[in-house]
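Asks: Sequence first, then the predicted structure, then my questions.
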Amino acid sequence: MSCGCKTSGDSSHSCGTKSANGCENVNTCGNSYKLSVFDWLSNVSNPTKKQTDFVEVRFKNDRKFFYKNVNGLPLHMGSVVTVESSPGHDIGVVSLTGELVKIQMKKKNVSEENPLKIYRLANQKDIEVWQDSRAKEEPVKIQARKISHALNLDMKITDVEFQGDGAKVTFYYTADNRIDFRQLIKEFAATFRTKIDMKQIGFRQEAAKVGGIGSCGRELCCSTWLTDFRSVNTNAARYQQLSINPQKLAGQCGKLKCCLNYELDSYLDALSDFPSSSTTIDTVNGKAFCIKIDVFKKRMWFAYADRSMAWYDLDVQEVKKLIAQNKKGEKTQPLEELKTNDIPVKSVDLIQENNMDRFERKNKNSGKNQNRKKPNNGQKPNPNQKPENKAGGNQTEQRKNVPEKNQPQNAKPQNQQPKKFKKKFPPKKRDDNA
């Protein structure tokens, strides 16, 4: 059976992941769905002979439901099936089979009584009607938005989903207040000539359906793997010592980011060893209150009430000792004496990215090599002169240059110009524009 791509519709095809051309229609392909499922029990033999008759069928976006295989069809992941619906029938793709279906049904509290049935494997006619209905969704969504805007309704139509046989269309919308649909449904029924179903979704579900790229540079969690939307409040940001900035803490849905809950448990475990942030210490120089907490370094910053600009960092264990000393009715030492200065660790720049002279060193070395290759005293080479040896030039020339024992050391040899000595490290020129 075809699922809308160039390859077959079973679970063995590799469209969207390994093929060079990809999938022609991602929304109808069994292996290109977002929130896909991995059956980790597929290679494990079932200890019981009786297998479950329920399978998980997936529809557009992340909508799933469980159906019973009453006819005993050979189904596997990726099979396109025709299932029971009201009214008519719907077409979906099998996303999970085997014993994991029972676990999912128990997790989502789905009863096995009076289940919906799987009619048959979808034939070519069913798939053609299904794809034609899916092709009409985008123009219908644009037209529906125009109708709702003409009626001055405070709502936003996010997505449109046609049933597999085209007998029903579902409009997903978001709204802050309650909407009166009486006139809107009449307009939709007269325009689209089909049964109308309106479903309100939250802003997080809207972001999951639309998709996008988050501030981390990756695809949104709600549109890839996140299935349950837990409540997120500002206390999660306060526990992680984050600034309460709505522009940075809000996601594309306009609500607080779901990733604020990912590391919250680790922060709570670390903060369990800290005293309360409202702790005050009674010292000889006056009372000091807590200003800042570093969870990872396990340090707390304190300042006097009359000198709030001077901060003193203390270790958590030291703060506990000071609190115990105050409970006994004793005043502690001043914070100036208790402060421990951290020795800064000097980092080694192996790449030398912060060195401004990293390009000049190569030029200096190249200049030295060029001076060595030049002939002595700037004289032209003699064509009758013997070639120099690799070890260090002509031996007869070297013997002549060696001063004799009887000759005074200060005496200059004849026909020899004085050498010009250069400073090894010339002074650097000062650049006012630097």
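Replies: Structure's in. What do you need? Numbering: from 1, shown residues only.

Asks: Quick one: the strands in this protein, in order.
Replies: Shown for the chain, the strands assigned by DSSP state E span residues 54-58, 64-68, 80-84, 89-96, 116-121, 156-162, 168-174, 195-200, 280-283, 286-294, 299-304, 312-315.

Asks: Let's have the ones you listed in JSON lines, adding distance to residue 224.
Replies: (Glycine included, C-beta is placed from N, CA and C.) Output for the strands of the chain, formatted as JSON lines (distance: least, Cβ to Cβ, whole Å):
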{"stretch": "strand 54-58", "distance to residue 224": "15"}
{"stretch": "strand 64-68", "distance to residue 224": "15"}
{"stretch": "strand 80-84", "distance to residue 224": "23"}
{"stretch": "strand 89-96", "distance to residue 224": "15"}
{"stretch": "strand 116-121", "distance to residue 224": "28"}
{"stretch": "strand 156-162", "distance to residue 224": "17"}
{"stretch": "strand 168-174", "distance to residue 224": "19"}
{"stretch": "strand 195-200", "distance to residue 224": "22"}
{"stretch": "strand 280-283", "distance to residue 224": "47"}
{"stretch": "strand 286-294", "distance to residue 224": "33"}
{"stretch": "strand 299-304", "distance to residue 224": "38"}
{"stretch": "strand 312-315", "distance to residue 224": "41"}
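
Asks: ranges for the helices of the stretch 1-150 of the chain?
Replies: 100-107, 124-135, 137-150 (DSSP state H, counting those that start in this stretch).

Asks: Out of the ones you listed, which is closest to residue 276?
Replies: helix 100-107 (38.6 Å; Cβ to Cβ).

Asks: Give me the angle between the closest one and strand 64-68.
Replies: Angle of helix 100-107 versus strand 64-68, following axes from the mean of the first three to the mean of the last three Cα atoms, to 10 degrees, is 120 degrees.

Asks: What is helix 100-107 packed up against?
Replies: strand 54-58, strand 64-68 (3 or more Cβ pairs under 8 Å, 6 or more residues apart in numbering; DSSP states H and E).

Asks: ok, back up a step: got the strands of the chain as CSV, with mean pLDDT, mean neighbour count and distance to residue 332 columns?
Replies: Conversion of the strands of the chain to CSV gives the following (pLDDT from 0 to 100; neighbours: other Cβ atoms under 10 Å; distance: least, Cβ to Cβ, whole Å):
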stretch, mean pLDDT, mean neighbour count, distance to residue 332
strand 54-58, 92, 22, 64
strand 64-68, 93, 19, 61
strand 80-84, 94, 21, 73
strand 89-96, 92, 23, 63
strand 116-121, 93, 16, 71
strand 156-162, 93, 20, 60
strand 168-174, 93, 20, 57
strand 195-200, 93, 15, 59
strand 280-283, 87, 18, 5
strand 286-294, 86, 16, 9
strand 299-304, 87, 19, 11
strand 312-315, 86, 18, 10
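
Asks: what's the closest of the ones you listed to residue 41?
Replies: Nearest to residue 41, of the strands of the chain and by Cβ to Cβ, is strand 89-96 at 10.2 Å.

Asks: Parallel or antiparallel, which strands does the closest one pair with?
Replies: strand 54-58 (antiparallel), strand 80-84 (antiparallel) (DSSP bridges).
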